[in-house]
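A.B. asks: output the structure for:
(chains A and B)
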Amino acid sequence: MTTVDRISWSALSLFGVFVIYESLQIKYYGSDFGPGPGFFSFWLGVLVAALSAIEIVRTFGKRVPLPADFFPTRSGVARIACLLGALVAVVFLLTRLGYSLTMLLFCGFLLRVLGKQPWWLTVVLALAGSFGTAYIFRQLQVILPGGWLGM
Amino acid sequence: MEALQHLMGGFATALSPLNLLFATIGCILGTLIGVLPGLGPAAGTALLIPITFKLEPTSAIIMLAAIYYGAMYGGTITSVLVNVPGEAASVVTCLDGYEMAKRGRAGAALGIAAIGSFIGGSVATLGLVVMALPLSRFALKFGPPEYFSLILVGLSLVMALAGKSLTKALVMGIVGLIFSFVGIDPIEGAPRFDFGITPLLDGIRFVPVVMGFFGIGEILMNAEKSLASAVVEEGKVSSFLPRRDEWRICASSINRGTWLGFFLGLIPGTNSAVAAFMSYAIEKKVSRHPEKFGTGIIEGVAGPETANNSYANAALIPLFTLGIPGSPTVAILMGALIMNGLTPGPLLFSQHATFVWAVIASLYIGNVILLILNLPLVNVWAKLLKIPYNILVVFILVFCIIGAYSLNNSVFDVGMMIFCGLLGYVFKKLDFPLAPAILTLILGPQMERSLRESLSLSQGDYSIFFTRPISLVLLVITAIIFLTSAWQALPSSVREESKGAQV
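C.D. replies: Model prediction:
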């Protein structure tokens, strides 16, 4: 078992314990016969915790090497962080700036910074990905946030 | 006879100009999803759900079903032309399909794939017609205990077949179940796992989870390496027909692929990639010249491609008749049905007969559309691969954001999708299978309701699951599946030791 495996199974067993704890805050027995809202989740929490613990014990001391490419390179981590950062920014900006402006910034950033596209192509594609998709989906009667400027 | 009458009625609905248009659009979009690498059928189908929001349910499901099997065919094109499988089931097509293309026989490979897919898909749909009514009538005998046991069979198969480790598959299935319990309890109305976050009271919706796991998660995996993909050159495609001497070999391969795909489609937990790989293995085994496999022989394409599409259509049988989805993509179709106010299962045939038969008829029509549409457009699809991945990925993300947001006009769902994307990335890195989590997320509420209703019926007596014959049989099957999987999961030395002790 690798350290990564040990950490992941430990995290899962903690998750199981957390589910057990949360389930105990809810009614275990129902108002009529049989189980209540907390019954199923309680036992599932027990199962996750038990299976994780068994897996840790079963593979204890066994050394399994990690795949060579398990950890991403520094540039790989930077790309993932860029993508996640841009996506989280969308969550915060979507209702404030509206769909079109948020997507214009989102597409522009990803195309220019991650995609390394020339400026002219970045602008054209970002406009297509923002105002273009907004137009198409609004035609399909999909509601998209307008934001402060109503865009 | 009754089924035939219903089917004719279904054709009348499915052949209306509007539904025909939606089936065609679905086939085109599905093929597009299949062609584009990094966007599998599951994420692709989920991504396109918002397009169907304003359609009436029959048209919406006809379109989504067309997207589903269009994606199955789309993956073939890129496998043959540029050795890039658009989805997992097409990986095996690369082996001989690409070799054929290198010898200037891309047309024949694509032609036989289209013909095989058409035959496999059509036979499986015919199977659906034949089996639908008897199976759904049998399923009408099911009460809550039988449903609970049936779901257990489905889930145990999914977990047993999901990956290398049974424990990992089990844990993922349980995680999906726990996710499905978030929100208001369906029987007593008590809030669970909401942590004071109001949107969580509505529960975790499956679309953001699917798009996160399969869409964003996949993009993050690709981002590890590089987002800049090499621009590929497509092969030239001319004649679409195999040589005269190849027809007989192909007929046998298509026949075997059809039945293999059909039976695998009935088993929850398998997937189209399993059907394709098994078909390839069978073709190699029965061949007179197995050593030539991988060098560009046509039965290496005909069998797996037929099995792949036969599987896709047959997988709808357990969904429509029993309400059990066998794979994540079928689970998404199930979610779309529920979103349209239709509960998959035996009652679907009695309560929404027009709808269900129209969808079944549309499967036939879709197969014909794919055959007509895709061969002439092969070169157009191949050109799509020239779009650099770092541009494509931006548009995939835009569609993911629209899909997640428009589900409930909620930014919270976009956040949930991103969270699940990160989770999906971590699970993929750690080699945890994602399919069990998606299936249990969809089936969780139904499973819990069946369990609790059963125990209410029996006044808390658990023997209700063992005293009803159908439920008992299903539980025995579940136990056998688990025990077999657990036995296989044991190290071979332990198994040998145990066998030795018995002797």
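A.B. asks: tell me how far the closest residue to B:I249 other than its chain neighbours lies from B:I112.
C.D. replies: For B:I249, the nearest residue in space outside its immediate sequence neighbours is B:E299; the separation is 5.3 Å by Cβ to Cβ, 6 or more residues apart in numbering or on different chains. Just so you know, the C-beta spots here come from the backbone N, C-alpha and C atoms, and that holds for glycine as well. As defined by Cβ to Cβ, to the nearest Å, B:E299 lies at a distance of 9 Å from B:I112.
A.B. asks: next: B:L342.
C.D. replies: Distance check for B:L342 against B:I112: by Cβ to Cβ, it reads 37 Å.
A.B. asks: find residues that contact each of B:E299 and B:I112.
C.D. replies: In the contact map built from Cβ atoms under 8 Å, 6 or more residues apart in numbering or on different chains, the residues linked to both B:E299 and B:I112 are B:C250.
A.B. asks: returning to what we had before: which residues touch the residue nearest to B:I249?
C.D. replies: For B:E299, the contacting residues are B:I249, B:C250, B:S252, B:S253, B:E283, B:S287, taking Cβ under 8 Å, 6+ apart as the criterion.
A.B. asks: so the fifth one sits against B:R256, correct?
C.D. replies: Yes. B:E283 is in contact with B:R256 according to Cβ atoms under 8 Å; the separation is 7.2 Å.
A.B. asks: more neighbours: which of these two?
C.D. replies: With other Cβ atoms under 10 Å in any protein chain shown as the criterion, B:E283 and B:R256 differ in neighbour count, and B:E283 comes out ahead with 26 against 19.
A.B. asks: by contact count, what packs against the helix or strand containing B:G444?
C.D. replies: Secondary-structure element containing B:G444, defined by DSSP states H and E: helix B:435-457. Applying 3 or more Cβ pairs under 8 Å, 6 or more residues apart in numbering or on different chains; DSSP states H and E, we find helix B:435-457 packed against helix A:39-58, helix B:144-162, helix B:166-180, helix B:206-210, helix B:328-339, helix B:464-467.
A.B. asks: which neighbours do B:E283 and B:R256 share?
C.D. replies: B:G303.
A.B. asks: for chain A, which segments count as helices?
C.D. replies: Secondary structure of chain A by DSSP state H: the helices cover A:3-24, A:39-58, A:74-97, A:99-109, A:119-127, A:133-139.
A.B. asks: you'd agree B:F482 is up against B:S156?
C.D. replies: Yes. Between B:F482 and B:S156 there is a contact at 5.6 Å, judged by Cβ under 8 Å.
A.B. asks: pick out whichever of those two has more residues nearby.
C.D. replies: Set side by side, B:F482 and B:S156 give different neighbour counts by other Cβ under 10 Å, the larger being at B:S156 (23 against 17).
A.B. asks: output the below-cut-off pLDDT ranges for chain B.
C.D. replies: By pLDDT under 70, the weakly predicted segments of chain B are B:1, B:37-40, B:82, B:84-88, B:161-164, B:226-238, B:269-270, B:382, B:385, B:489-503.
A.B. asks: from it, which residue is nearest to chain A?
C.D. replies: Ranking the residues of chain B by distance to chain A (Cβ to the nearest Cβ) places B:L455 first, at 2.9 Å.
A.B. asks: and the closest residue to B:T321 other than its chain neighbours, what element?
C.D. replies: If the residues on either side of it in the chain are set aside, B:T321 comes closest to B:L135, at 4.0 Å by Cβ to Cβ, 6+ apart. Assigned by DSSP H and E, B:L135 belongs to helix B:106-139.
A.B. asks: helices and strands around that helix, which ones?
C.D. replies: helix B:2-14, helix B:57-82, helix B:91-102, helix B:246-266, helix B:299-314, helix B:316-322, helix B:346-351, helix B:353-384.
A.B. asks: neighbours around B:L472, how many?
C.D. replies: By the criterion of other Cβ under 10 Å, B:L472 has 15 neighbours.
A.B. asks: ok, so what distance separates the residue lying closest to B:N271 once chain neighbours are set aside from B:F214?
C.D. replies: Ranked by Cβ to Cβ, 6+ apart and with sequence neighbours excluded, the top spatial neighbour of B:N271 is B:S327, at 5.0 Å. Going from B:S327 to B:F214 by Cβ to Cβ gives 12 Å.
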